[in-house]
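K.L.:
pasting the structure only:
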């Protein structure tokens, strides 16, 4: 029988989830003062039972309840339990007591996480099944995504590992991991994702879908990536060079990363514009300086801007070798500057036609739109990988 114990106000911010996991996981404990909150089933709690299924069957042989230890063991193919008790614990550490000398068969009930490479998960783990892995996060993107399984997505992480980077073309080199608001991640993980990419994260008990992995309720993200239970021997010290992405082609999916190269055959003039930014703080909403000095003024710095930085937005159409339909790419600032560097500029700015016929790429891109009917349209955003 499985039970889930819920702790309220247990001081996790002070001591941390990692310390509690090391203290209790795989140990024999006596739970005191438990209160039965709910008896739930697969239909009511599919996420909980996907986790239970990943722990089934136990390592010790199954026996018929109520019969002696010498009775015939049940076939190991017996289905996992169909119900689970949700227990509530008192907000007191004394409600959990370690058993110093447990019976050996009790310890055999513990099934440690199996940490696979991303390639193994893609090829061998079934859809809607739980999986654990270490991965290097190379890019993040905020998004909101509604669905029965996903809930509300906070952001997407794009991850890889040395095995994927060196794999053949039948598996992607980078995988999307959707992080929802219901999973467990500490402030250190959030800070690393915001400010320290690339970084290696341990994803425990995530759910594999057809073309991505989802971090849902009871999924845990940690910076202390695990080699203890890794069976594929992934060594992240091998990832010393630039990350390789798959080239854009007819098999590329929406919301993935890819590289693209081609010839500029058109410019979206309606989407092209430029604006000045403060060279001190990057504020892009400058106003005219008071006193009719002809200068711009930054309300963030509270100072005139004597040397504003010109920022530009430019979307071009690329003709790529693999398709007859142009691919639309929203270019990064550095690429725009490189394209316009050799072009003539007058008082009105650049002539957009000056970029026609120029070769660009390979560019690292995010696939933001993908349509084949009624017309073939692909929209990419150029990105910068750390």
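P.N.:
It's in. Just so it is clear, the model here is predicted, and its values are computed rather than measured.

K.L.:
quick one, what contacts the residue nearest to the spatial centre of the chain?
P.N.:
Centroid check for the chain by Cα atoms, centre = their mean gives residue 157 as the closest residue, at 2.5 Å. Residue 157 makes contact with 137, 139-140, 176-177, 179, 193, 201, according to Cβ atoms under 8 Å, 6 or more residues apart in numbering. No exception for glycine: its C-beta is placed from N, CA and C like everyone else's.

K.L.:
how about the helices in the stretch 201-350 of the chain?
P.N.:
When assigned using DSSP state H, counting those that start in this stretch, the helices of the stretch 201-350 of the chain occupy the ranges 333-340.

K.L.:
so where's it shaky on pLDDT?
P.N.:
Applying pLDDT under 70 to the stretch 201-350 of the chain flags the ranges 226-231, 292, 342-350.

K.L.:
the stretch 1-150 of the chain now?
P.N.:
8-18, 62-77, 91-93, 104-107, 143-150.

K.L.:
how about the helices in it?
P.N.:
Using DSSP H, counting those that start in this stretch, helices in the stretch 1-150 of the chain cover 12-15, 17-24, 46-54, 104-107, 118-124.

K.L.:
run the chain-centre distance for the last one.
P.N.:
Yep, that's helix 118-124 we're talking about. Mean C-alpha position of helix 118-124 versus that of the full chain (Cα atoms, centre = their mean, to the nearest Å) differs by 16 Å.

K.L.:
ok, now how distant is residue 265 from residue 180?
P.N.:
Using Cβ to Cβ, to the nearest Å, residue 265 is found at 40 Å from residue 180.

K.L.:
compare those two (neighbour count), which wins?
P.N.:
More crowded of residue 265 and residue 180, by other Cβ atoms under 10 Å: residue 180, with 20 against 13.

K.L.:
ok, that one touching residue 212?
P.N.:
No. Contact criterion Cβ atoms under 8 Å: residue 180 and residue 212 do not qualify, at 12.0 Å.

K.L.:
give me the number of residues near the closest residue to residue 254 other than its chain neighbours?
P.N.:
The shortest distance from residue 254 to any non-neighbouring residue, by Cβ to Cβ, 6 or more residues apart in numbering, is to residue 370 (4.4 Å). Residues near residue 370, counting by other Cβ under 10 Å, number 15.

K.L.:
partners of the helix or strand that contains residue 370, with directions?
P.N.:
Using DSSP states H and E, residue 370 sits in strand 359-371. Partners of strand 359-371 in the sheet, by DSSP bridges, are strand 257-267 (antiparallel), strand 377-382 (antiparallel).

K.L.:
what residues of it count as buried?
P.N.:
For strand 359-371, burial by neighbour count (16 or more other Cβ atoms under 10 Å) applies to 360-361, 363-367.

K.L.:
residues in contact with residue 183?
P.N.:
215-221.

K.L.:
now render the residues you listed as TSV, adding neighbour count.
P.N.:
Listed next are the contacts of residue 183 as TSV, based on neighbours: other Cβ atoms under 10 Å:
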residue	neighbour count
215	26
216	23
217	17
218	18
219	25
220	20
221	24
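
K.L.:
which one of these is nearest residue 258?
P.N.:
Using Cβ to Cβ, residue 215 is the member of the contacts of residue 183 that sits closest to residue 258, with 22.9 Å.

K.L.:
quick check: closest non-adjacent residue to that closest one.
P.N.:
Nearest residue to residue 215, sequence neighbours excluded (Cβ to Cβ, 6+ apart): residue 183, at 4.0 Å.

K.L.:
how far away is the residue nearest to residue 254 from residue 320?
P.N.:
In terms of Cβ to Cβ, residue 370 sits 14 Å off from residue 320.

K.L.:
what do you get for residue 190?
P.N.:
37 Å.

K.L.:
what do you get for residue 19?
P.N.:
Using Cβ to Cβ, residue 19 is found at 52 Å from residue 320.

K.L.:
and residue 249, by the same measure?
P.N.:
Residue 249 is 9 Å from residue 320, by Cβ to Cβ.

K.L.:
the two - which one has more neighbours?
P.N.:
Taking neighbours as other Cβ under 10 Å, residue 249 and residue 320 compare with residue 320 leading, 18 against 13.

K.L.:
thought the more buried one was touching residue 327?
P.N.:
Yes. With contact defined as Cβ under 8 Å, residue 320 counts as touching residue 327 (5.6 Å).

K.L.:
common neighbours of the two, please.
P.N.:
The contact sets of residue 320 and residue 327 overlap at 248, 260, 262 (Cβ under 8 Å, 6+ apart).
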